[in-house]
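In: Sharing a sequence plus its predicted fold:
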Amino acid sequence: MSLAESESPPSPTYLDRLNAEQRDAVLHGSGAIADPLLVIAGAGSGKTNTLAHRVAHLIVSGADPRRILLMTFSRRAAQEMGKRVERITREVIGEKAAILADGLTWAGTFHAIGARLIREYAPIIGLSDAFSIHDRADSADLMNLVRHELGLSKTKSRFPAKGTCVAIYSRCVNAEADLEEVLKTSFPWCLDWVAALKALFAAYVDAKQAQNVLDYDDLLLYWRAMVTEAGLGEEIGGRFDHVLVDEYQDTNKLQAAILTGMKPDGRGLTVVGDDAQSIYSFRGAEVRNILDFPGLFAQPARMVTLERNYRSTAPILEAANAVIAQARERHAKDLWTERTSTAKPKLVTVREENDQAAYVCEEVLAMREAGTLLKHQAVLFRASHHSGPLEIELTRRNIPFVKFGGLKFLDAAHIKDTLATLRFADNPRDRVAGFRVLQLIPGVGPSTAGAIMDALAVTEDPVGELAAFPIAAKAREEWAGFVALVSDLRRRAIAWPAEIERVRRWYEPHLERRHEEDADIRKADLAQLEQIAAAAPDRARFLTDLTLDPPDATSDMAGPPLLDEDYLILSTIHSAKGQEWKQVFVLNCVDGCIPSDLAVGTSNEIEEERRLLYVAMTRAKDALHLVTPQRFYTHGQRSRGDRHVYASRTRFIDTSSLDRYERCAWPTAPRSAEAAAARAAVQPVDLKAKMKGMWR
Ligand SMILES: Nc1ncnc2c1ncn2[C@@H]1O[C@H](COP(=O)(O)OP(=O)(O)OP(=O)(O)O)[C@@H](O)[C@H]1O
């Protein structure tokens, strides 16, 4: 008996907090399995809030939380959604809410859910369930190994680099596009290599299968393949009554095919997103997914549009609306707000990047003085390196900050070494992990590592194989310790998460030898890794979660702040997705930075850059500053000279929309007038005459 049948009808008080459109989206289907629903949610219109209410409403109406599949953009978003759902359901069903919300076990990213389903069905789709998952860097390393084996690293003219090969492969897979088509549109300089790339990709797929490895793309590919298989498709689709997808604008064609594969008639499907915020096409995301969703099913999706913005003041929204109004194609919506204000967003001209940094610091401190915490203020930028001068200025002035985006925690060599050790123990056929770990041992080079991996590829007893391997005398002493480690890990001699400490103890001498200069800082990272490990239930889950959703690196300049400390947020625009702050600065609002000069090749790329600026602007609640430095030092010249280039205001703010801003220059005019007056007051001196006078 469902909860709805067994108890009195739930009180709908939580619905009172929603506006009419939000409520419409939440109530669609009245809690039962219903026709497909598309919620087009403008920036700040309460998309997350609405989705959480819809899930909660389904649960209090009797839906089984274990049969709800909820897909979000990050693991953190899934966890936050779970907490919100619990809070909302608690209002109606009290203490039982926690139990029911705990039942929401199928919440996570597409890749994480894919990994779980594939592991579960592995035995019936011809995979071993002990497969390891490669992140992008691992995939590039494996591609490199295969490229080498095929002799493609020694071609006369230069064959595309490993990273490019992976990007091409991934684009073909995610966009479901033909290789030649992808090369023509995105990698034209590689067009001469069609046949060689095909051979490389075929060998790459063979290598993955032989080594029992799946890459990111495989998690979607296998999932899609499973749901399009007669029988299996119905079995997997039938496990879920409701499938809800957040941030649908950032999904790709494969993800759309997974949804239609699981729910061919669209019943039970809810997708939520904002086409104007689609900013991930470099990962194969397809803004067409959301534009085309309504027509995918025999029974067209119902569409609800959320247009009321709760976040920003009217002047900020008007400026952002003017930026997106020029977009080529979009689901029409007119965002409005009741938050009136007389303060327009500022369009600030500064001479150069150092002034930009000084301007931001002064404004941030002024706002702090007026009572707004640093963490309610954020500085956003298009590319991670744009914040360099600001980071120096903040450090100089002792303003604490945390930076998001850019380098990931997992990119650090010592973290990779540790994880590779765990992965190797799990799956000794994983050549990328194996090569990495084996070469940590002094005396083991690439050819020995290759020979060991060849031996492991065919054995059923990896530990025995390692112990018996005729290792060179110089490596023998270390070797015994390594074999003991692998043996412990494979036998699960130590409980999780203590295993990771065992790995750390083995690894630390290698770390000290390889990274003498900053071993202590790196050890602190390993301690942090142990903390993350402690939160995971087991080794496999830890490795999967971390590979699929790695934490951001915090800035090492300021040091990771304590949680109760106040700090300013620095973030790439991509990493600012879904967030909001009282005061927001957008750096380098000039052509060449937004749009990035790396992304002005096609009109699609320019459209995406426009959406990036829109995303950045719509993060601001009360105050927004777009800063435009007039000149930039050319790369690498700063310390040696003042070669610079002049920049012009971003093309996305055209002359007709300038009246939506308060335009100003900084440092302000009076200050320069004072400086000019001081200079004018200096009496002229005839130095030439003085020089001559020295000898007379
Ligand atoms: N019905 C409502 N009444 C009052 N405030 C609301 C309502 N719905 C949402 N909000 C507030 O509006 C703000 C934006 O909500 P939310 O973060 O869910 O928006 P969003 O649509 O996900 O934004 P974006 O897509 O721009 O990231 C939040 O501060 C939220 O608390």
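Out: That came through, no problem.

In: Only C-alpha atoms from now on, for both contacts and neighbour counts.
Out: Will do.

In: Tell me where the stretch 51-200 of the chain has helices.
Out: 75-93, 96-102, 110-121, 136-149, 162-175, 179-186, 194-211 (DSSP state H, counting those that start in this stretch).

In: Adding distance to residue 309, write those out as CSV.
Out: Converted to CSV, the helices of the stretch 51-200 of the chain look like this (distance: least, CA to CA, whole Å):
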stretch, distance to residue 309
helix 75-93, 20
helix 96-102, 28
helix 110-121, 28
helix 136-149, 37
helix 162-175, 32
helix 179-186, 36
helix 194-211, 46
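
In: how about the strands in the stretch 451-600 of the chain?
Out: Assigned by DSSP state E, counting those that start in this stretch, the stretch 451-600 of the chain shows strands spanning 568-572, 581-586.

In: So which of these is nearest the ligand?
Out: strand 581-586 (9.4 Å; CA to the nearest ligand atom).

In: and that closest one, anywhere near the ligand?
Out: No - Strand 581-586 stays clear of the ligand (CA under 6 Å from any ligand atom), getting no nearer than 9.4 Å.

In: for the residue in the stretch 201-350 of the chain that the ligand sits nearest to, helix, strand, or coil?
Out: Among the residues of the stretch 201-350 of the chain, residue 310 lies closest to the ligand, at 4.2 Å counting by CA to the nearest ligand atom. Look at residue 310: counting by DSSP: H, G, I helix; E, B strand; the rest coil, its state is coil.

In: So it is in contact with residue 44, correct?
Out: Yes - applying CA atoms under 8 Å, one finds residue 310 in contact with residue 44, separated by 5.8 Å.

In: Which of the two has more residues huddled nearby?
Out: Taking neighbours as other CA atoms under 10 Å, residue 310 and residue 44 compare with residue 44 leading, 24 against 16.

In: Could you find the closest non-adjacent residue to residue 82?
Out: residue 101 (6.4 Å; CA to CA, 6 or more residues apart in numbering).

In: The ligand contacts on the chain?
Out: Residues of the chain lying near the ligand (CA under 6 Å from any ligand atom): 17-19, 41, 43-49, 310-311, 577-579.

In: what two of those have the greatest distance between them?
Out: Greatest spacing in the residues of the chain next to the ligand, by CA to CA: 17 and 577 (24.3 Å).

In: follow-up on the earlier one: could you report the separation of the residue nearest to residue 82 from residue 249?
Out: 26 Å (CA to CA, to the nearest Å).

In: Neighbour count: those two, which is higher?
Out: Neighbours were counted for residue 101 and for residue 249 using other CA under 10 Å; residue 249 has more, 26 against 23.

In: Do I have it right that the more buried one meets residue 274?
Out: Yes - counting by CA under 8 Å, residue 249 does reach residue 274; the two are 5.9 Å apart.

In: okay, and the common contacts of those two?
Out: Between them, residue 249 and residue 274 share these contacting residues under CA atoms under 8 Å, 6 or more residues apart in numbering: residue 290.

In: between the residues of the chain next to the ligand, which is nearest residue 152?
Out: The nearest one, if we look at the residues of the chain next to the ligand relative to residue 152 and count by CA to CA, is residue 577, at 39.4 Å.

In: Any idea how many residues pack against the closest one?
Out: Residues lying near residue 577 (other CA under 10 Å) number 19.

In: Contact partners for residue 21?
Out: Residues near residue 21 by CA under 8 Å, 6+ apart: 304, 305, 306.

In: Read off the pLDDT value for the last one.
Out: When you say that, I think you mean residue 306. What the model reports as pLDDT for residue 306 is 95.

In: Next, give phi and psi for the residue nearest to it when sequence neighbours are not counted.
Out: Once flanking residues are discounted, residue 306 sits nearest to residue 41: 4.7 Å by CA to CA, 6+ apart. Phi and psi for residue 41, reported as degrees, to the nearest 10, are phi -120, psi 110.

In: for residue 41, what are its contacts?
Out: When contacts are counted by CA under 8 Å, 6+ apart, residue 41 touches 47, 272, 273, 274, 305, 306, 307.

In: Just the pLDDT at the most centrally placed residue in the chain, thanks.
Out: Geometric centre of the chain, nearest residue: residue 575, 6.2 Å, by CA atoms, centre = their mean. For residue 575, the pLDDT comes out at 86.

In: Can we start the residue count at 5 from this point?
Out: All right, first residue 5 from here; so that's residue 579.

In: these two touch, right, it and residue 408?
Out: Yes - counting by CA under 8 Å, residue 579 touches residue 408, with 6.4 Å between them.

In: Can you pull the domain assignment for this protein?
Out: As given by the TED database, the domain ranges for the chain are 17-120+223-310, 138-215, 318-411+562-670, 413-541.

In: need the ones you listed in JSON lines with distance to residue 552, can you?
Out: Formatted as JSON lines, the domains of the chain follow (distance: least, CA to CA, whole Å):
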{"stretch": "domain 17-120+223-310", "distance to residue 552": "7"}
{"stretch": "domain 138-215", "distance to residue 552": "7"}
{"stretch": "domain 318-411+562-670", "distance to residue 552": "15"}
{"stretch": "domain 413-541", "distance to residue 552": "11"}
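
In: thinking again about what came up before, among the strands of the stretch 455-604 of the chain, which gets the worst mean confidence?
Out: strand 572-576 (a mean of 92).
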